[in-house]
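J.: no letters, just coordinates:
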């Protein structure tokens, strides 16, 4: 039977008076626990032994503590509270406001949790993604969201980002499998790695003093330490004067001195563009798709070629005056760079392009479209950040050298690996001594990769066919016959 008040208001009896209070307690974990605890204490006999009373009271207090933690202090409770404050709720015409409900919580590691949520009516994945940055700031974490079986799956990454990531300590860990793996830094996920063989090109941008040069130095140093000269060739173009990359001029991996002029860059990139055509023709003649398939039947493997350009803007938008030859060299270099970015992956030729002027002119669209990965250090304006990331996050980074955003499949903030110039020179000197036969490496941060090739390490002088081509062994007789 319904009361007069409930009949006149149209509300069911359990939403009024005692019924409403009881229903609220049943829907609230803390209230439900308190209600059950009071019930248990009420039925406890007055003459019960002290030990039994203490056990019952302790159990009730423990249960209440667990309920309080789950409802107020746990990660799902914090996210549920934040999403409610951000408006990710459903307001029905009558009744209580409906919020996100956590249906499962799986702790993958100490700093990695996976939560599954039931979304309230009218709230979609795009609504959550639009407020993702606010959720991350409120929970001091990074989240990844997707929908699976009509549930919102949320990965929450909460490893602290350090202020400093030393080179040696980072590379003490075993790297993931890959052909051209290098470390980026430390993120909320933990150690951040990338394989250039699958990426295959990288854009690095940010203002002066943000950490670009240090990042580039550590990346090249690690690749030199973990690959032999017959596995990796370096072509360095430093249009800021050759200072930053000069340490890599004398190592056996470099096929020539650091290029410091636009004319030299046009010549070097033209040579690499010719090597792209040579390798593509060899792949077609052999009937294989890429560099990995080329080496499988026992053919001489090709070394991977890494082209590094520091200050891309000097190559793409620098004013060279009215000299026709200089302007032609600049256009040729830019065009060849775009072609290498488009065709280089299959033949094992990769790019790392750096700029402190990340605008639309310095990074042309046809080139940017083929640069799958971006490392964005702090930039001056949101416009520069949008060009690099299609987001303003690079402009909002803290004023801390080495802090950057990694953009590939998603955006991820991290602290880049730090390596001083003196430390890099020491590593490279030890490595050069080993390659020249002067003794074993004394300091090497990671395991030497010997999976790509076989044979002795001897430097440039023993590369087969080095006089005819700087990029590796010439085509086999089978390929020549096919031609």
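T.: Perfect, thanks for sending it. In this text, all values refer to a predicted model and were calculated from it rather than measured experimentally.

J.: check which helix or strand covers the residue nearest to residue 333 when sequence neighbours are not counted.
T.: Counting by C-beta to C-beta, 6 or more residues apart in numbering, residue 333 lies nearest to residue 266, which is 4.1 Å off, once chain neighbours are set aside. The C-beta positions use only the backbone N, C-alpha and C, and glycine is treated the same way. Element membership of residue 266 [criterion: DSSP states H and E] is helix 262-286.

J.: just how off-centre is the following helix or strand past that helix within its chain?
T.: On the C-terminal side of helix 262-286, the nearest following helix or strand under DSSP H and E is helix 291-295. Relative to its chain's centre, helix 291-295 lies at 27 Å (C-alpha atoms, centre = their mean, to the nearest Å).

J.: ok, back up a step: now do the helix holding residue 266, average pLDDT.
T.: Averaging pLDDT along helix 262-286 gives 92.

J.: next, the buried residues of it.
T.: Buried residues in helix 262-286, counted by 16 or more other C-beta atoms under 10 Å: 262, 264-266, 268-269, 271-273, 275-276, 278-279, 282-283, 285-286.

J.: so which elements touch that helix?
T.: Here helix 262-286 is seen to pack against strand 232-238, helix 291-295, strand 304-310, helix 313-316, helix 324-347, strand 349-355, helix 477-482 when contacts are counted using 3 or more C-beta pairs under 8 Å, 6 or more residues apart in numbering; DSSP states H and E.

J.: now the angle from that helix to helix 324-347?
T.: Helix 262-286 runs at 30 degrees relative to helix 324-347, counting by axes from the mean of the first three to the mean of the last three C-alpha atoms, to 10 degrees.

J.: which residues touch residue 144?
T.: 154, 155, 157, 410 (C-beta atoms under 8 Å, 6 or more residues apart in numbering).

J.: quick check: which element contains it?
T.: Going by DSSP H and E, residue 144 is part of strand 142-148.

J.: what residues sit buried inside that strand?
T.: Neighbour-count burial for strand 142-148, counted by 16+ other C-beta under 10 Å, picks out 142, 143, 145.

J.: and the residue positioned nearest the centre of the chain, how far from residue 185?
T.: Centroid-nearest residue in the chain, with C-alpha atoms, centre = their mean: residue 406, separated by 4.4 Å. Noted for residue 406: a distance of 8 Å to residue 185, by C-beta to C-beta, to the nearest Å.

J.: residue 152 too?
T.: 29 Å.

J.: compare the two (neighbour count), which wins?
T.: The residue with more neighbours, out of residue 152 and residue 185, is residue 185; 26 against 20, by other C-beta atoms under 10 Å.

J.: so that one sits in a strand?
T.: Yes. Per DSSP: H, G, I helix; E, B strand; the rest coil, residue 185 lies within a strand segment.

J.: which stretches of the stretch 151-300 of the chain have low pLDDT?
T.: Scanning the stretch 151-300 of the chain with the threshold set as pLDDT under 70 gives 242.

J.: please redo it, this time with the cut-off set to 90
T.: The model of the stretch 151-300 of the chain has pLDDT under 90 over residues 158-160, 188-190, 208-211, 238-251, 255-263, 286, 292-300.

J.: so what's the gap between stretch 235-255 and the chain middle?
T.: 26 Å.

J.: from start to finish, how long is that stretch in a straight line?
T.: 7 Å (C-alpha to C-alpha, to the nearest Å).

J.: check which residues of that stretch are buried.
T.: Under the neighbour-count criterion of 16+ other C-beta under 10 Å, stretch 235-255 has 235-239, 242, 244-248, 251-255 buried.

J.: report the two of these separated the most.
T.: 239 and 252 (24.0 Å; C-beta to C-beta).

J.: ok, the nearest residue to residue 161 once chain neighbours are set aside - contacts?
T.: Sequence neighbours aside, residue 415 is the residue nearest to residue 161 in space, at 5.2 Å (criterion: C-beta to C-beta, 6+ apart). Shown in contact with residue 415 (C-beta under 8 Å, 6+ apart): 161, 162, 163, 164, 165, 185, 186, 187, 400, 402, 403, 404.

J.: same question, residue 98
T.: With contact set as C-beta under 8 Å, 6+ apart, residue 98 has these partners: 89, 90, 92, 120, 121.

J.: now with 6 Å?
T.: The contact partners of residue 98, by C-beta atoms under 6 Å, 6 or more residues apart in numbering, come to 90, 120.

J.: got the phi and psi for it?
T.: Per-residue torsions, residue 98: phi -100, psi 130 (degrees, to the nearest 10).

J.: tell me how far it lies from residue 106.
T.: Distance, residue 98 to residue 106, using C-beta to C-beta: 24 Å.

J.: can you confirm residue 154 is in a strand?
T.: Yes. Per three-state DSSP, residue 154 lies within a strand segment.

J.: that one against residue 145, yeah?
T.: Yes. Counting by C-beta atoms under 6 Å, residue 154 sits close enough to residue 145 to count as a contact (5.2 Å).

J.: what about residue 363, which SS state?
T.: Here residue 363 is coil, with the state taken from three-state DSSP.

J.: can you pull the pLDDT of it?
T.: If you check residue 363, the pLDDT there is 85.

J.: if we can go back for a sec, so what strands line up beside the strand holding residue 144?
T.: strand 151-157 (antiparallel) (DSSP bridges).

J.: centre of the chain to the helix holding residue 266, how far?
T.: Offset of helix 262-286 from its chain centre (C-alpha atoms, centre = their mean): 30 Å.

J.: let's have the chain start at 26 instead
T.: That works, and once the first residue is 26, the last one we named lands at helix 287-311.

J.: next, the angle from it to strand 257-263.
T.: With the same axes, to 10 degrees applied, the angle from helix 287-311 to strand 257-263 works out at 150 degrees.

J.: quick one, strands of the stretch 26-175 of the chain?
T.: Remark: strands assigned in the stretch 26-175 of the chain by DSSP state E, counting those that start in this stretch are 126-134, 137-143, 167-173.
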